[in-house]
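Asks: only geometry, no sequence info:
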């Protein structure tokens, strides 16, 4: 590293500030789900940090942009950043990374890169560094030419050795955190099996972190074990960004949008005052039922979908998870939420430690009883620092497969998949589908979709009921 300030010099590389050309790549071909519409928001946040240091800049999303990352490399390209978030399409992602000319500085970030920086640095000879955790501050240090050995949260190769700098403590989320939407090559609309519907959707990050400590959850932690405290942007900055978004539907990426209900009320007041008319999707906890007046205001401001982590229909499981509520409290909260026109989507987990098959089969009846309009079923999955590895080791008959999925002797993975299909069929009756469609109608979403696309959407829900895939 030249004077301990930059990565090892590369043949023919000329240091320029600002960078002449920067390429940011989302290196996946398939959507995370078959119902796809999400822009690479995290990569766009990184791009907004780098942009002041770049003469020219591009974002390439290989789900939408034909070709390969190397097709977008220019003779002037100084820096290429990859967003490696998921442990899928690994061979393709590796080939894309390896295709970058060794004379170009190559940096990876994202959740999966954070979990396994050694793997990527060892596997990709041209990889210069891996940014661990939230990347905005780390990338800002890199762009400012801070010596790499002094940049927290950075792993890099030096003199044949892989160096892991200390973790970067997650700081407050700044009001200035906004994605570089101007670099998008296309609009993002809901696509069903690759067919566009015309319903544009965007995303926004209004806060990060979660104050709760559910045993199964690792998303509120840096994969290296750092707990991210809940931190939020000001209501004014959030509403300013919402006002600038052209899409009629906006999904908040916040782990918990409703942690501070006084802040939620302020956001609603600003949306109503400025007459911003969009529909919003948020992650929430059932405790918002304690604030019925704010719920009414949320409805008026355009909040349309509540994503609620319920997880189980059984007190013993909720207690083991440290969810913070009981089934009795769930029923009490949901009695209030039933009065809301917002769509209630419940998340449930199958294969919870200690639950029998008969207990899991109570999921659909319980979800209907508490008034969920739709549900998603997932299975337990071990992630670093979630704490599940220790719990599984202490629970006879439970195991973790090489991909991190948790199963048991009494309900192996194949049976869990069948059980999932059964519960979907039980919940998504014709009556339930019609009820959900009526909710969409009341929110005006149907009018935003071309008729053919809505027919496909209803067909897809029916498929989910039959196949077990949401």
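Replies: On my side now, so go ahead. Small disclaimer: the values here were computed from a predicted structure and weren't measured.
Asks: okay, now residue 240: neighbour count?
Replies: Neighbour count of residue 240, defined by other C-beta atoms under 10 Å: 15. Yep, even glycine has a C-beta here, placed from its N, CA and C like the rest.
Asks: helix, strand or coil: sort out residue 396 for me.
Replies: Three-state assignment for residue 396 (DSSP: H, G, I helix; E, B strand; the rest coil): coil.
Asks: neighbours of it, how many?
Replies: The burial count for residue 396: 8, using other C-beta under 10 Å.
Asks: ditto for residue 173
Replies: Other residues within reach of residue 173, judged by other C-beta under 10 Å, total 21.
Asks: over to residue 261?
Replies: For residue 261, the neighbour count with other C-beta under 10 Å is 16.
Asks: okay, now the nearest residue to it once chain neighbours are set aside: neighbour count?
Replies: Among residues not flanking residue 261 along the chain, residue 291 sits closest, at 4.8 Å (C-beta to C-beta, 6 or more residues apart in numbering). By the measure other C-beta under 10 Å, the count of residues near residue 291 is 17.
Asks: same deal with residue 160?
Replies: If we define neighbours as other C-beta under 10 Å, then residue 160 has 6 of them.
Asks: residue 393 now?
Replies: Neighbour count of residue 393, defined by other C-beta under 10 Å: 11.
Asks: how close does it get to residue 353?
Replies: Per C-beta to C-beta, to the nearest Å, residue 393 is found 11 Å from residue 353.
Asks: again with residue 375
Replies: Taking C-beta to C-beta as the measure, residue 375 falls 21 Å from residue 353.
Asks: higher neighbour count, those two?
Replies: Taking neighbours as other C-beta under 10 Å, residue 375 and residue 353 compare with residue 375 leading, 24 against 20.
Asks: can you tell me the element residue 200 falls in?
Replies: Following DSSP states H and E, one finds residue 200 within strand 195-204.
Asks: which residue ranges of the stretch 301-450 of the chain form helices?
Replies: Secondary structure of the stretch 301-450 of the chain by DSSP state H, counting those that start in this stretch: the helices cover 315-321, 327-337, 357-360, 363-369, 388-393, 413-427, 430-442, 445-448.
Asks: from the contact counts, what lies against the second one?
Replies: With contacts taken as 3 or more C-beta pairs under 8 Å, 6 or more residues apart in numbering; DSSP states H and E, helix 327-337 sits against helix 292-301, helix 315-321.
Asks: output those as JSON lines; include the columns distance to residue 411, mean neighbour count and mean pLDDT.
Replies: Below are the helices and strands packed on helix 327-337 laid out as JSON lines (distance: least, C-beta to C-beta, whole Å; neighbours: other C-beta atoms under 10 Å; pLDDT from 0 to 100):
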{"stretch": "helix 292-301", "distance to residue 411": "37", "mean neighbour count": "17", "mean pLDDT": "97"}
{"stretch": "helix 315-321", "distance to residue 411": "14", "mean neighbour count": "17", "mean pLDDT": "91"}
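Asks: dump the ones you listed into CSV; add distance to residue 367 as well.
Replies: Formatted as CSV, the helices and strands packed on helix 327-337 follow (distance: least, C-beta to C-beta, whole Å):
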stretch, distance to residue 367
helix 292-301, 20
helix 315-321, 15
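Asks: just the element for the nearest residue to residue 19 once chain neighbours are set aside, please.
Replies: Residue nearest to residue 19 in three dimensions, not counting chain neighbours: residue 78, with 4.1 Å by C-beta to C-beta, 6+ apart. Residue 78 belongs to strand 77-83 when assigned by DSSP H and E.
Asks: who touches that strand?
Replies: Applying C-beta atoms under 8 Å, 6 or more residues apart in numbering, the contact partners of strand 77-83 are 16, 19-27, 40, 42-43, 46-47, 50, 54, 69, 73, 93, 96-97, 100-101, 104-110, 113, 139.
Asks: same question, stretch 40-52
Replies: Identification of contacts with stretch 40-52 by C-beta under 8 Å, 6+ apart yields 18-19, 22, 24-26, 57, 59, 61, 79, 81, 83, 85, 109-110, 135-136, 139-140, 143, 177-181, 183-184, 203, 205, 253.
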